[in-house]
Structure formats: C-alpha cells, structure tokens
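Peer 1: Sequence unavailable; structure follows:
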C-alpha cells in the first residue's frame, strides 16, 4: 500500500482532493437546486475524507482513518437535518429552488 | 470531563421526561440540574487534567468558559418556559436540544484533540440548525434555517479541510504534539494553510466581516429565543474556541497573520455599526451589533498569551447584556409577526421596569460606565495599546461612539413616543431573567477584577 503511495506521490492525492473540494465549493455557490447543493456539500466533505485516508497511509498512522468515521457520521447527521428543513420548505412553498427564499433582506 | 458527562446525562433525562409525561417539570428540573453542573464545573476550577488519551483537557480556561456557557444556558432555558407556552408537546425536544448544544460548546472549549474540536463544533452547529428552523410553519424560520444550514455546513467543510491539512503536516491530531512540532524549523507548507482554513471556518461561525453575510438574515428569521441563543451563546463559544485554537496550536502568531486580524477586526466593527444604523428591525440591528462586537473580541487575538482574562470579561459582559436585552424583546414581541422598533414605542410608560432594563443592556453594549461593557472595552483597549496597535484602538473608540447612535434610537423610541397598545400579563420568569442578567452585568462592572483575575 505504501509502495503505491510512493509511486504516485502524496502531492497528487492533495491535488485530487483540492480539485474535488473546489468542485463542491462551486456547486454550493452556483447551483440553485437545494438537493444538488446538498450533494455538493457531500462532495466537499468526501474530498476531505479521501485526503485523510491518503495522509493516514503517508504517516503510517491509523488516527486519520478513525477521523474519517467521525466525519462520515457527522455528515450523515448534518444531511438528515438539512433534508428535514428542506421538507418543511417544500411543504410551505411547493418548490426546492433556493432562489425562492428571498423573504429576508434589508 | 465530569461536566460534559453530566450535561449529556441531563439532556437524555429531558428526553425521558417526555416519555413519562412530565412536561411541566422539565424547565425547573433542567434549571436545577444545570445549577448542579455549574457547581461541579466550579469545583474542578483548580485542576489541570486530561482524560481519554488527551481528548479532553480540563484547565482554568475551559472551566471558566464552561461556567459562563452554563449560566447563559440556564437563562435561555428559563426563557423557554414562557416562549414555548403554545408548543407544550414539543418542549422537551427544544430544551433537550439546548442542553446538547451546551455539551457541544463545553467540548469546544476543552478539546485536547482536533477530533474533539470538530465533533464539538458539529454538535453545536447541528443543534443550531434545528433550532433556527424550529418554527416549521413559518416560512421565515424555514428560510433562516436553510440559509444557516448551507452556510454552516460550508464552513464545516472548510474547517474539516483545514484539520486534514494540519494532520497531514504533523501526523497527529493531538494539540500538544502539534504545538511542539510547530516549533521546529522545517514545516510543510500545508500546516499554515490548514491553520488559515480553520481560522476562516471559525470566522464564519463568529460572523466577522467578510464572512458575516448570513448573520442578519438568520438572526431575523429565526424564532426570537433562538436568535438570543445565537447572538449570545453561540458567538461567545465560537470566539473562545478560536482563541483557544490559536493560542494552543501556534503560540507565536506571525506578524502577517496579526495584520489580517487587525484588518478583519476594523472591518467588522465599522461595517457592523454602519449597517446597524439603518435597521428598523431590532433583531437585525442586534445582528449587526453582534458583528461589530465580534470585531472587538477579535482584538484579543493580538496578544494571545495575556488576553484570556479580558476575552472572558468581554464575553460575559456582552452575553449578559444580550440576555437582558433579548428577554425584553421576547416580552414585547410575543405573538407579533415582526420585531420592528414600532413595537417598542412607549414601553417606558407602559412598563418602566423592562424599559429600564433594556436601556441598561443597550448602554452596556455601547460601553457606558458602571455597566460591565465599559470596563470590558477599557481593559481590551488598554491591552491592545500595550501590544502596539494604536490605530486599531482609535478605530474601535470611534466605533463605540457610532454604536451609541443606534442604541439610542431604540431608547428614544421607548421613552419619547406614545404607546400604541397596552400589553397584558406580567410573565414573572422573563422579569426574573432580565433582572438577574442585568444585575450580574452591573456587578461585573463594579468588580471587574473578580473575573479578570481568574485567568490572569
């Protein structure tokens, strides 16, 4: 396993994660459908999980892999709450486009 | 450690009460439980211990800040008795979520490992998303919850990426190991990037200026009690955590980082105050005032080794006056669909006591003597001048003067305008919370050394 990492190089793992993370960030900033925004947040979190595992192998240390379990559990809880909020918005508005949420400004 | 376990046990107990149909007893028993936890926390004050492989580190910093959070939670739970009157069937959920939020807050200030830090921040944020959207039939509350959720999980993603890069650079999540390793000369470039990303994420949570845009909308849309919680407890928690994170992980902050802190601090104060001047909604106004107070609290990051006491003092002064102000707002705006200044017209005639308390709370936030807010600013400015940032202090003083403008707008509305309608009922608990909070605030103002010496 470590051998493969030596061949590929830790930098390439970092580049891949950064690219995935940025895809997630742009998804959050530019997409208007709430479900797709949620998926983009998941891409951000999972890009980080990938990097955790890569670093864990790089350092020969299991802590990073354990942290991935924490962050996966947290992400699941977060999305559960987010979907619950989305359901109540859908009941009130009949749509899940974020652009419809414009009542608060000033 | 015992604090954390006791708080979580109390939260579970709250949920059990619903099963046994003891909803009426929840608020009093929770308050008694929290008072017991407060005693437990204070009894741990002088011990410095770490538990579970350094996951949790109990120190003076963590016990004092935890005590402050517990006091604030007691006030917020007490206010809940009146606020959730019409939602009796759900009261145990609301109270239990607040208690779990407190558990997250305590974990955030007593972490010894970045895993605990991340879990604490997530427990706090997820509870807040639920509370922000808890008025589920109200579209405004839904919108506030959604915006807060999107911004909050975005910030969490950034914090997680920062934690990951720090781990990559150091090979460990333990903060003491990280701080030892960070003294060595050869550091991978990921380490500073990680610190910057974590700081950006925390500035989101504190609502400092380039990352504040969610705050006014979320504060306005959320139910009033949740707004009180966000602007007092959540802000103070995030600020204390940012302070602890920076002071534990890299004790000698570089000059360029300090320059960034100075600029963010100036921008937060100025922008927050100027935007607050033109608000008519009181919750929105307090949101912008919170942005400016975040700017003031960021000044403590400039002298990390000495300013823990002044951060604690400023945080207590700000949050106690926030609780007093919001308890009056809860009374005035109960059963109304907005919180405009119009609702406060003539409060000085119809209810002189509450009007006086709101005036005192706002004067404390503006920094007028005898209230704690004044001495908090005094100590903070003194410390910042000693650290050599005169320009920042000048901007801060000018901003304190600007802030008097919008606080007085509300005070004048209460005393000079005619009342538009009579308000019935005298909710004893709201009175009690408001009076106790403002008395504590004045007591802190009269004896500042009591708090300042705790973390000297």
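Peer 2: Yes, it's here. Everything quoted here is computed from the prediction, not taken from an experiment. Numbers count the residues shown, from 1 in each chain, chains lettered A, B, ... in the order given.

Peer 1: For stretch A:95-106, which outside residues touch it?
Peer 2: A:32-35, A:37, A:86, A:89-90, A:93, B:139-140, B:142-144, B:146-147, B:150, B:216-217, B:220-221, B:279-281, B:284 (Cβ atoms under 8 Å, 6 or more residues apart in numbering or on different chains). For every residue, glycine as well, the C-beta is placed using N, CA and C.

Peer 1: any idea where the strands of chain B begin and end?
Peer 2: Assigned by DSSP state E, the strands in chain B fall at B:49-51, B:56-58.

Peer 1: Out of those, the one nearest chain A is which?
Peer 2: strand B:56-58 (15.0 Å; Cβ to the nearest Cβ).

Peer 1: wait, does stretch B:131-146 make contact with chain A?
Peer 2: Yes. Judged by Cβ under 8 Å from any Cβ of the partner chain, stretch B:131-146 comes into contact with chain A through B:133, B:136, B:137, B:139, B:140, B:142, B:143, B:144, B:145, B:146.

Peer 1: before we move on, back to that, which one of the strands of chain B lies nearest to residue B:322?
Peer 2: strand B:56-58 (27.0 Å; Cβ to Cβ).

Peer 1: quick check: mean pLDDT across the closest one?
Peer 2: Averaged across strand B:56-58, pLDDT comes to 91.

Peer 1: pLDDT below threshold where in chain A?
Peer 2: For chain A, applying pLDDT under 70 flags the ranges A:1-2, A:106.

Peer 1: In it, spot the helix with the most residues.
Peer 2: For chain A, the longest helix by residue count, based on DSSP state H, is helix A:63-93.

Peer 1: for it, packing partners?
Peer 2: Here helix A:63-93 touches helix A:34-59, helix B:114-132, helix B:139-170, going by 3 or more Cβ pairs under 8 Å, 6 or more residues apart in numbering or on different chains; DSSP states H and E.

Peer 1: Save those as a markdown table, and put in mean neighbour count and distance to residue B:210 too.
Peer 2: Listed next are those as a markdown table, based on neighbours: other Cβ atoms under 10 Å in any protein chain shown; distance: least, Cβ to Cβ, whole Å:
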| stretch | mean neighbour count | distance to residue B:210 |
| --- | --- | --- |
| helix A:34-59 | 21 | 19 |
| helix B:114-132 | 24 | 19 |
| helix B:139-170 | 25 | 12 |
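
Peer 1: Give me the secondary structure label for residue A:95.
Peer 2: coil (DSSP: H, G, I helix; E, B strand; the rest coil).

Peer 1: Just give me the least confident of the residues of stretch B:131-146 next to chain A.
Peer 2: residue B:136 (85).

Peer 1: how many neighbours does the nearest residue in space to that residue that is not next to it in sequence have?
Peer 2: Nearest-residue entry for residue B:136: residue A:88, 4.4 Å, with adjacent residues in sequence omitted and distances by Cβ to Cβ, 6 or more residues apart in numbering or on different chains. When neighbours are counted by other Cβ atoms under 10 Å in any protein chain shown, residue A:88 registers 20.

Peer 1: roughly how far apart are residue A:88 and residue B:196?
Peer 2: Here residue A:88 is placed at a distance of 36 Å from residue B:196 (Cβ to Cβ, to the nearest Å).

Peer 1: can you check residue B:286 too?
Peer 2: For residue B:286, the distance to residue B:196 - Cβ to Cβ - is 30 Å.

Peer 1: got the residues of the stretch 101-250 of chain B near chain A?
Peer 2: B:115, B:118-119, B:122, B:125-126, B:129-130, B:133, B:136-137, B:139-140, B:142-147, B:149-150, B:153-154, B:156-157, B:160-161, B:163-165, B:167-168, B:171-173, B:190, B:216-217, B:220-221.
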